[in-house]
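Colleague: return atomic coordinates for the entry below.
(2 chains)
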Amino acid sequence: MATKLVVDCSTGITTEVELTAEEVAQREVDAAAWAEAEEARVAAEAAKASAKASAESKLKALGLTDAEVSALIG
Amino acid sequence: MAVTHKLIQTISVTAGAGQASIEFTSIPQTYTDLKIVLSVRSTSAATSLDVAFNGSTASFTNKFLQSSGSAVSSGSLARYAGLVTGTDQTAIVFANCEIYIPNYSGSTNKSFSGDAVQENNGTYSYASIVANLWSNTAAITQITFTNTTGNLAQYSSASLYGILKS
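Modeller: Sure thing, here's the model as predicted:
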């Protein structure tokens, strides 16, 4: 069972308690939200890298040198 | 003279298996602002640290900006407070997070900001800044940080500081 560490700021006493069913359920929702956000971020980064590679290739096909391409898009 | 960074309490995870959450309760209402400084690592892959106030996970909104070192991204993820270094990153190192909550005991909605960085000796490591709003006018007496996947690893810690304006 998942647990949490709780400190009472008025006494300084720390206790370990089990998560409630609601807390466990909320954690699962949060984990799914984070995974979804991560998946979207990774996909966006991959799409951006792919577009950059495609642009470089097309510029080179037009006759630009590597230095010229780098000067344009880094 | 202003009282800044008066340490209220520190929580340190001592259990080898870690803890899903860490929580401050009975927070004194005698300061102007609160600041929490965290050093956190997950027992799973890198993940997020989410926050709850007074046991509530409702009425939170968020915007975040995040960078991997080579790319930036942004979005909304309610209750997202910071990053947690994971087992897919360099062993032993921990993420650093700071959360700042102004006017935590007032009777208006509560805004709070956070900045965090993962530590990773690798090809990427994320840094993030977050802006959050808890649309609730209650004074904050309890703050919970939850690692969304896996547990907060042993030796993770959080320190709660009180800050007075005068």
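
Colleague: specify the local secondary structure of residue 45.
Modeller: Answering for chain A, as no chain was given. Secondary structure assignment for A:Glu45 (DSSP: H, G, I helix; E, B strand; the rest coil): helix.

Colleague: tell me the contacts of it?
Modeller: B:68, B:70-71, B:73 (CB atoms under 8 Å, 6 or more residues apart in numbering or on different chains). (C-beta placed from N, C-alpha, C; glycine too.)

Colleague: buried subset of the residues you listed?
Modeller: For these, a neighbour count by 16 or more other CB atoms under 10 Å in any protein chain shown gives the buried set as B:68, B:73.

Colleague: and chain A, which of the contacts of A:Glu45 reach it?
Modeller: Taking CB under 8 Å from any CB of the partner chain as the test, chain A is in contact with B:68, B:70-71, B:73 out of the contacts of A:Glu45.

Colleague: quick check: B:Ser12 touching B:Tyr155?
Modeller: Yes: under the criterion of CB atoms under 8 Å, B:Ser12 makes contact with B:Tyr155 at 7.1 Å.

Colleague: before we move on, back to that, report the two of the contacts of A:Glu45 separated the most.
Modeller: Distance extremes for the contacts of A:Glu45: the farthest pair is B:Ser70 and B:Ser73 at 11.1 Å, using CB to CB.

Colleague: return the distance of stretch B:70-85 from the chain's centre.
Modeller: Chain-centre distance of stretch B:70-85: 12 Å, with CA atoms, centre = their mean, to the nearest Å.

Colleague: looking at the contacts of A:Glu45, which are in strands?
Modeller: Cross-referencing the contacts of A:Glu45 against strands under DSSP state E gives B:Ser73.

Colleague: which one of the contacts of A:Glu45 is nearest to A:Ser70?
Modeller: Ranked by distance to A:Ser70 (CB to CB), these are led by B:Ser70 at 15.8 Å.

Colleague: ok, and the closest non-adjacent residue to the residue most central in space within chain B?
Modeller: With distances taken as CA atoms, centre = their mean, B:Ala81 lies nearest the centre of chain B, 4.7 Å away. Nearest residue to B:Ala81, sequence neighbours excluded (CB to CB, 6 or more residues apart in numbering or on different chains): B:Val51, at 4.3 Å.

Colleague: following the chain past the lowest-mean-pLDDT helix or strand in chain B, name the next helix or strand.
Modeller: Ranked by mean pLDDT, DSSP states H and E, the helix or strand of chain B with the weakest confidence is strand B:72-75, at a mean of 86. Of the helices and strands lying after strand B:72-75 in sequence (DSSP states H and E), the nearest is strand B:80-84.

Colleague: so in that sheet, which strands flank the helix or strand that comes right after that next one, and in what orientation?
Modeller: Sequence order places strand B:95-102 as the next helix or strand after strand B:80-84, per DSSP H and E. Taking DSSP bridges as the criterion, strand B:95-102 sits next to strand B:33-40 (antiparallel), strand B:110-117 (antiparallel) in its sheet.

Colleague: would CSV of these with mean neighbour count be doable?
Modeller: Putting the strands paired with strand B:95-102 into CSV (neighbours: other CB atoms under 10 Å in any protein chain shown) gives the following:
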stretch, mean neighbour count
strand B:33-40, 21
strand B:110-117, 20
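
Colleague: for B:Leu160, see how far away the spatially most distant residue from the centre of chain A is.
Modeller: Centroid-distance maximum for chain A: A:Thr11 at 38.0 Å, with CA atoms, centre = their mean. In this view, A:Thr11 and B:Leu160 are 14 Å apart by CB to CB, to the nearest Å.

Colleague: go on, B:Ala20?
Modeller: 19 Å.

Colleague: is the residue nearest to B:Ala81 bridged to anything, and to what?
Modeller: As for beta bridges, B:Val51 partners with B:Phe145 under DSSP bridges.
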